[in-house]
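J.: Just a sequence and a predicted model for now, questions to come.
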Amino acid sequence: MSARWIVPALAGCILLFLVAPVVSVAVSSFSGGPIFVFPPAHFTLAWYGRIPSEYFSALLVSLEVGIGATGVAVIVGVPAGLALVRGYLPFSRALNSFCLTPLMIPTLVIGVAALQFANVIYDVFKLSLMESVLGLVLAHSAFTVPFVIRAVIAGQAQFDHDIEDAALSLGATPVRTFFTVTLPALAPSIASGAILAFLVSFDDVPVALFLGGGSATTLPVQIFNGTQFDLSPAILALSAIVSGGVLLSIAISGKIFGLDKFLGTGHT
Amino acid sequence: MNEPPPADAKLIPGRWGYLLLPALGVLLLVFVLPMINLGTKSLHLSTGPGREAADYTLQNYLAFFSDSLYWELLGWTSALGALVTVCTLVSALPLSYFLARTQSRLRPILLLLVIAPMLVSVVIRNLGWLPILGDHGFVNWLVLRSGAATEPFRLINNLLGVIIGLVHALLPFMVLTLTAVIQRIAPELEEASVSLGARPLATFFRVVLPLALPGIVAGSLLVFSLSISAYTTPALMGGGRIVVMATYIQQQVSTLLDYAKGATVSMILLVWVSALSIIALRFGKVGREA
């Protein structure tokens, strides 16, 4: 066999390995008969009608936490990203590194720190952040904020300042220039940072395992616990719906905001 | 502050800096204070579930470093990380080389297939391995049918499962890093090597690989540090039998309520990962855009 074919063949096998568990979830969610047996005895849609209600409430909690933590990240992260690039701040390099530091910390450590800090808050203020959506939103903000800051910084690297100058010299006020020129130009970067922040929050297990629970059990934690105790194909059905939804929304946002842009800032 | 603003700061010059304050406030509350609190927790001795002594001491760290059990935990977690990194690198090289060099119109779709698994929740991906790697799963169905073995292989709920899960989870990071680096190596160099008589494999190892080395180092450091800090995949794919630093910390904190020990091991993991991240930053922005 010539080398011409070895590389594509190997590449194909590795791609197959990459998509295997995702395809497997989708296929198994339709499988009738005993769970996790290949080949499936028959195919059925029945599991899609039998998803336990606690999984839907967990999905709702995950969405609330993800939207909350992403909202916080956009509200404080976009101005911060602008400040770090345009502020000509003293110690700007140190401030820059500081704002991105949480991305280097294992999320499990962030979870342990959040849990112990929630205990301190309770001792001092008698405010319980345990098993609450608010607590999870705050804890997740530790990494969602840096994701948005990083995306906004990266987005300004290719920013053409002449378009702002053009708007200003044509008589637009600075505020109007900001909202009609600067912000729309940065929208793809902000969107990709926000999407990434949402996904990381939506996917988190360690922090939600420590701080969540009870009425604030997120979907990944609910599935995590499900796999340890009672595993039903209905969980695979819900997983297939959620994964399909995420992949579809990413594909759509990739189309809207430009896939290259999304990939460029999303995975640096 | 009386200097004229630089040319590219005409839009509301001089006031942008204040916009950093809300983010600094939030990060102080949700990150800095909790981390300081975690650090101080590690300086108290545990006096029972959920309680600590009041006086400061380095006893927890001394205990950690004088007990061979903890050295084993640290060494074992790092060895697993190294093995996962090597497996990831070896699998990523052919795929990255292909993606960097292909002229195919399908390339964007293939790149999307690399990224897609990253977008699917890690618990769901691990769930997806069960019908493939389980005793009655796809792989064992193939093995038993082909007659290569009479007993199913144990591929999950053990060390092998953890390795498969981690390699799968971290492969996209390595592939994206390496693809970006290999793309920047001029194909003419390979053509020159081949036309001078080197065989394709020799060309790959003696021309492409050395030029891709900065990317390989950056990608490997990233994968290694993500691998030693991983919690979910070792917990799920190991079936609760594989103990790494992250699962050990979780056990100390959630089950045994030994906050002091959990905090100590957390700090040690943190220092180890931060050291690697700082080394990785030194290797620069090689693999930064894919």
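T.: Structure received.
J.: Could you list the low-pLDDT ranges of chain A?
T.: A:1-3, A:257-268 (pLDDT under 70).
J.: Just list what the longest helix seen in it packs against, helices and strands only.
T.: In chain A, assigned by DSSP state H, the helix with the most residues is helix A:53-86. Judged by 3 or more CB pairs under 8 Å, 6 or more residues apart in numbering or on different chains; DSSP states H and E, the packing partners of helix A:53-86 are helix A:92-100, helix A:133-157, helix A:183-203, helix A:219-228, helix A:233-257, helix B:21-27. Yep, even glycine has a C-beta here, placed from its N, CA and C like the rest.
J.: distance between the helix or strand that the last one is followed by and the chain's centre?
T.: Next in sequence after helix B:21-27, counting helices and strands by DSSP states H and E, comes helix B:33-41. Going by CA atoms, centre = their mean, to the nearest Å, the spacing between the C-alpha centre of helix B:33-41 and its chain's C-alpha centre is 24 Å.
J.: Return the set of buried residues in whichever helix or strand comes after helix B:33-41.
T.: Next in sequence after helix B:33-41, counting helices and strands by DSSP H and E, comes strand B:46-48. Residues of strand B:46-48 classed as buried under the neighbour-count rule (16 or more other CB atoms under 10 Å in any protein chain shown) are B:Ser46.
J.: next one: stretch B:233-248
T.: Counting neighbours by 16+ other CB under 10 Å, stretch B:233-248 gives B:233-238, B:242-248 as buried.
J.: out of those residues, who's near chain A?
T.: By CB under 8 Å from any CB of the partner chain, the members of these lying near chain A are B:235-236, B:246.
J.: now, among those residues, which is nearest to chain A?
T.: Nearest to chain A among these is B:Ala246, at 4.7 Å by CB to the nearest CB.
J.: The closest one touches A:Leu108, doesn't it?
T.: Yes - counting by CB atoms under 8 Å, B:Ala246 touches A:Leu108, with 4.7 Å between them.
J.: okay, and the common contacts of these two?
T.: Common neighbours of B:Ala246 and A:Leu108, using CB atoms under 8 Å, 6 or more residues apart in numbering or on different chains, are A:206, B:229, B:231, B:269.
J.: now A:Ala240: how far from A:Val25?
T.: In this view, A:Ala240 and A:Val25 are 5 Å apart by CB to CB, to the nearest Å.
J.: which residues touch stretch A:100-108?
T.: The contact list for stretch A:100-108, computed with CB under 8 Å, 6+ apart, reads A:110, A:142-143, A:145-147, A:149-150, A:204, A:206-207, B:27, B:31, B:35, B:225, B:229, B:231, B:246, B:249-250, B:266, B:269-270, B:273-274, B:277.
J.: Just the buried subset of these, please.
T.: Judged by 16+ other CB under 10 Å, buried ones among the contacts of stretch A:100-108: A:110, A:142-143, A:145-147, A:149-150, A:204, A:206-207, B:27, B:31, B:35, B:225, B:229, B:231, B:246, B:249-250, B:266, B:269-270, B:273, B:277.
J.: ok, and the closest non-adjacent residue to the spatially most central residue of chain B?
T.: For chain B, the residue nearest the mean C-alpha position is B:Leu226 (1.9 Å; CA atoms, centre = their mean). In space, and not counting its chain neighbours, B:Leu226 is closest to B:Leu170: 5.7 Å by CB to CB, 6 or more residues apart in numbering or on different chains.
J.: what helix or strand does the one you found sit in?
T.: Assigned by DSSP H and E, B:Leu170 falls in helix B:159-183.
J.: Give the other helices and strands that that helix contacts.
T.: helix A:3-28, helix B:68-101, helix B:107-119, helix B:122-133, helix B:209-229, helix B:232-237.
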